[in-house]
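Novice: here is my input; please provide its structure:
(one chain, ligands or ions: 2)
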Amino acid sequence: MAGEESGGTTGPDHPARPAPAAHRALYTPHPRMADSPSDRPPLASPSMNLTPLPAFTDNYIWLLDDGQRTLAVDPGEADGLLAWLQARSLALDTILITHHHADHTGGVDALRSATGARVIGPAFEPMPEPLQRVAGGEALQALGVDFEVIDVPGHTSGHIAYFAPRAPGGPLLFCGDTLFSAGCGRLFEGTPGQMHESLQRLAALPDETRVCCTHEYTLANLRFALAVEPYNPDLQAHARHCETLRAADQPTLPSRIALERAINPFLRTTEPAVVQAARTRDPAANDPVAVLGALREWKNNFR
Ligand code: ZN
Ligand code: FE
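Specialist: Ligands and ions are numbered 1, 2, ... in the order given. Sure, this is the predicted structure:
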């Protein structure tokens with residue numbers, strides 16, 4: 001759905017991060033990420049590529065492939081993906097869906113009938129049948145990779161995320177329209193309390209987790225984040241980095257969980273500067289949920 005908010009990113013050039021290890025944790029080579037040899041598990045584990053395929057105006061269909069089979073997340077349209085698969089002689093094995101909005105599900109029927117791919121989606125949302133329905137706490141395997149399902153209500157009431165803790169190349173999160181880089185999804189069906197809990201669940205994932213959001217909203221989100229926290233040096237550096245990426249028509253995603261904790265105001269609802277900024281909009285914002293609610297309202301009207 002257009003207008004759902006904010007994407008995220010990853011910055012190689014964080015002057016405020018002196019330690020090389022921390023620096024590496026925040027850096028994502030791009031756009032098509034082959035595993036670095038040092039990250040590659042020995043022998044039989046397949047090497048995998050992670051690709052954000054642009055769709056519509058600002059969506060990405062995230063693709064994970066092992067050179068033969070492909071996993072696609074939230075394919076809102078089919079044609080671009082079918083052409084991508086054909087150009088690489090790849091088979092579509094599995095489709096994962098995070099929530100019911102048409103820009104995440106619109107391509108499912110055509111892809112299912114063209115490829116026979118298995119479809120997996122949230123247990124409690126209207127979905128293009130037939131599919132396998134999953135809910136928080138359940139596990140699944142696709143392309144030999146183990147995924148955990150995490151309930152993340154807020155943007156929609158049954159929104160789920162898929163987390164692969166041991167994916168080749170490092171932990172991997174497909175979070176749909178819940179967490180964006182430097183932002184979060186609009187609250188179409190949920191409450192600030194639900195979104196806060198969902199975001200905190202994602203923020204607790206390992207630092208190096210690659211965060212694959214469905215929209216390229218990063219620059220707009222960063223403008224808002226800088227209005228909230230103008231003196232956050234990580235945020236300033238990351239905004240410069242993303243301006244450069246977008247000027248070169250490069251994706252700003254995937255982001256990393258450690259980076260999001262450093263720059264995303266919706267994950268920083270206990271940070272004094274964020275609380276203070278939220279209170280300029282809502283003087284009664286006295287707890288993290290109220291701070292998130294005030295930020296979300298502010299962002300809805302931010303230009
Ligand atoms: Zn959505
Ligand atoms: Fe969307």
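
Novice: is stretch 199-218 positioned near ligand 1?
Specialist: No: judged by Cβ under 5 Å from the ion, stretch 199-218 and ligand 1 are separated, with a smallest distance of 7.2 Å. C-beta coordinates here come from the backbone N, C-alpha and C atoms, glycine included.

Novice: err, stretch 137-154, not the other one
Specialist: No: judged by Cβ under 5 Å from the ion, stretch 137-154 stays clear of ligand 1, getting no closer than 10.7 Å.

Novice: against which helices or strands is the helix of greatest length in the chain packed?
Specialist: Using DSSP state H to define each element, the chain has its longest helix at helix 233-247. For helix 233-247, the packing partners by 3 or more Cβ pairs under 8 Å, 6 or more residues apart in numbering; DSSP states H and E come out as helix 218-228, helix 257-263.

Novice: so the first one versus helix 233-247, what angle?
Specialist: Right, the one you point to is helix 218-228. 150 degrees (axes from the mean of the first three to the mean of the last three Cα atoms, to 10 degrees).

Novice: if you count neighbours, what's buried in helix 218-228?
Specialist: Neighbour-count burial for helix 218-228 flags 218-222, 224-226, 228 (criterion: 16 or more other Cβ atoms under 10 Å).

Novice: re earlier: how far off centre is the longest helix of the chain?
Specialist: 18 Å (Cα atoms, centre = their mean, to the nearest Å).

Novice: beta partners for the residue most central in space within the chain?
Specialist: The chain has Cys213 as the residue nearest its centroid, 2.2 Å off, counting by Cα atoms, centre = their mean. For Cys213, the beta-bridge partners under DSSP bridges are Gly176.

Novice: do I have it right that it meets Leu179?
Specialist: Yes: at 6.3 Å, Cys213 counts as touching Leu179 under the criterion of Cβ atoms under 8 Å.

Novice: measure Val108 to ligand 1 for me?
Specialist: Distance, Val108 to ligand 1, using Cβ to the ion, to the nearest Å: 15 Å.

Novice: tell me the phi and psi of that residue?
Specialist: Per-residue torsions, Val108: phi -60, psi -50 (degrees, to the nearest 10).

Novice: neighbours of it, how many?
Specialist: 24 (other Cβ atoms under 10 Å).

Novice: how about the contacts made by the residue nearest to it when sequence neighbours are not counted?
Specialist: Leaving aside its chain neighbours, Val108 sits nearest to Pro128 (4.5 Å; criterion: Cβ to Cβ, 6 or more residues apart in numbering). Residues near Pro128 by Cβ atoms under 8 Å, 6 or more residues apart in numbering: 105, 108-109, 112, 119.

Novice: the residues you listed, buried ones only, as a PyMOL selection?
Specialist: In PyMOL, a selection of the buried entries from these looks like this (16+ other Cβ under 10 Å):
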select buried, resi 105+108+112+119
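
Novice: thanks a lot, see you next time.
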